[in-house]
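Enquirer: build me a model:
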Amino acid sequence: MASPPGYGYDYDYDDYGQYPPYPPPYPTRRPTNGFAIASLVLGLLGFICICAVMAVIFGIIALTQTKNGRQQGRGMAIGGMVLAGLWTLVVAVVIVLVMVVAAGSDSSVRATDVEVGDCIKDVPTDVSQVFRLPKVSCAKPHHSEVFAIFHVSGTEFPGQQTIESTYEPKCGPALQDYAPQAAEDPLIRVDILYPIREGWERGDRDVVCIATSTFEKTGSIKK
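Expert: You can find the predicted model right below:
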């Protein structure tokens, strides 16, 4: 169509004599909230306790900042907090399981680390070469129990024969004091662990008296 009179420009009209509509504006991309990204990343690393805590904190901040819709990332923030919660639950379960297993399991300990009242699964026949002992809970079946420990004084190794002759007579009376009925039981023998020269040089100074039963038993011999 021709331009309207009085105008020096030509306009392109559509078939109905209307101006064509302007093209729609380009859509604007909303930026992603930085705290939301940090929450998701830290949530993935939630097996590290501090990361789980920070994931929750950053997630809350991100949810607050994206509430007006000007930024995106709410899904990331929620995902980060959920991951942090799951990791926290997993870590807690693992810790509990480790504690339960450790409490209920037997443990091999150095012969020099036992204490009076400790129960031993069994003591080897050759006590002169005992370096570790299978310590167990006294509530579990076992053969042996530590009833006395004597510390050998002095800085120089007095000799194997001197140690044995000095401290062997002390274990019998010690068992009588610790568990009189066990001292009279013919099925219970006394095993003695002495420090040898090699152990003496490493700091071993204790003579360990152990009551060993022929049969397995539960509970302590001390009543």
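Enquirer: just the buried residues of the longest helix belonging to the chain, please?
Expert: For the chain, the helix with the greatest residue count under DSSP state H is helix 74-104. By neighbour count on 16 or more other Cβ atoms under 10 Å, the buried set for helix 74-104 is 74, 76-84, 87-88. For every residue, glycine as well, the C-beta is placed using N, CA and C.
Enquirer: next: stretch 47-59.
Expert: Neighbour-count burial for stretch 47-59 flags 51-52, 54-59 (criterion: 16+ other Cβ under 10 Å).
Enquirer: tell me where this protein has helices.
Expert: Counting by DSSP H, the segments of the chain that form helices are 34-44, 49-65, 74-104, 160-178, 180-183, 197-201.
Enquirer: Val208 is nearest to which of those?
Expert: With Cβ to Cβ as the criterion, Val208 lies closest to helix 160-178 of the helices of the chain, at 9.2 Å.
Enquirer: quick one: contacts of that closest one?
Expert: 116, 147-148, 150, 152, 158, 182-183, 190, 192, 194-197, 207, 209, 211, 221-222 (Cβ atoms under 8 Å, 6 or more residues apart in numbering).
Enquirer: returning to what we had before: of all the helices of the chain, which one is nearest Val130?
Expert: Closest among those, using Cβ to Cβ: helix 197-201, at 10.3 Å.
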